[in-house]
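# Mind looking at a prediction? Sequence and model below.
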Amino acid sequence: MDETLGQVLRDAVRERLDMLSELADRADATSLLSVARSELPRLTEGWRALLTAHEADEKGNCPECSSRWRPQKAPCSVWRSAHEHLVSGALAPRPARHLRPAHALRPVAPVP
């Protein structure tokens with residue numbers, strides 16, 4: 001059951017991200033502004049919660065990525081990914097469609 005639930009959660013998140021990407025690419029200015037006002041605060045809070053969970057502990061390790069036998073020094077891959085996508089990636093052009101991950105290429109529902 002856990003595997004099924006995990007897949008349902010992953011699919012739902014990917015579909016939501018696909019829908020937001022589609023809106024960003026195709027929505028008119030008024031719709032885009034409305035979506036930005038509602039979704040940007042949710043996305044920033046989500047990033048903050050994720051990054052808080054991956055804050056370095058007193059030993060300089062990520063408590064989420066570390067195991068008892070294998071500590072993971074901070075910054076972990078979550079922090080590096082956040083930096084890449086929120087700071088460095090903001091300056092880079094969006095990758096060509098053929099270079100995007102396969103899950104990003106799935107068809108999405110049309111924008112109303």
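Now that the structure is in, tell me what you want to look at.

# low-confidence ranges in the chain?
Scanning the chain with the threshold set as pLDDT under 70 gives 1, 90-112.

# Helices of that one, residue ranges please.
Assignment of helices within the chain using DSSP state H yields the ranges 2-26, 29-53, 77-83.

# JSON lines please, covering these and showing mean neighbour count.
Placement of C-beta: from N, CA and C, glycine included. Converted to JSON lines, these look like this (neighbours: other CB atoms under 10 Å):
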{"stretch": "helix 2-26", "mean neighbour count": "12"}
{"stretch": "helix 29-53", "mean neighbour count": "11"}
{"stretch": "helix 77-83", "mean neighbour count": "15"}
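
# can I get those in CSV with distance to residue 63?
Shown next, in CSV, are the helices of the chain (distance: least, CB to CB, whole Å):
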stretch, distance to residue 63
helix 2-26, 21
helix 29-53, 8
helix 77-83, 11
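
# This completes my enquiry, with thanks.
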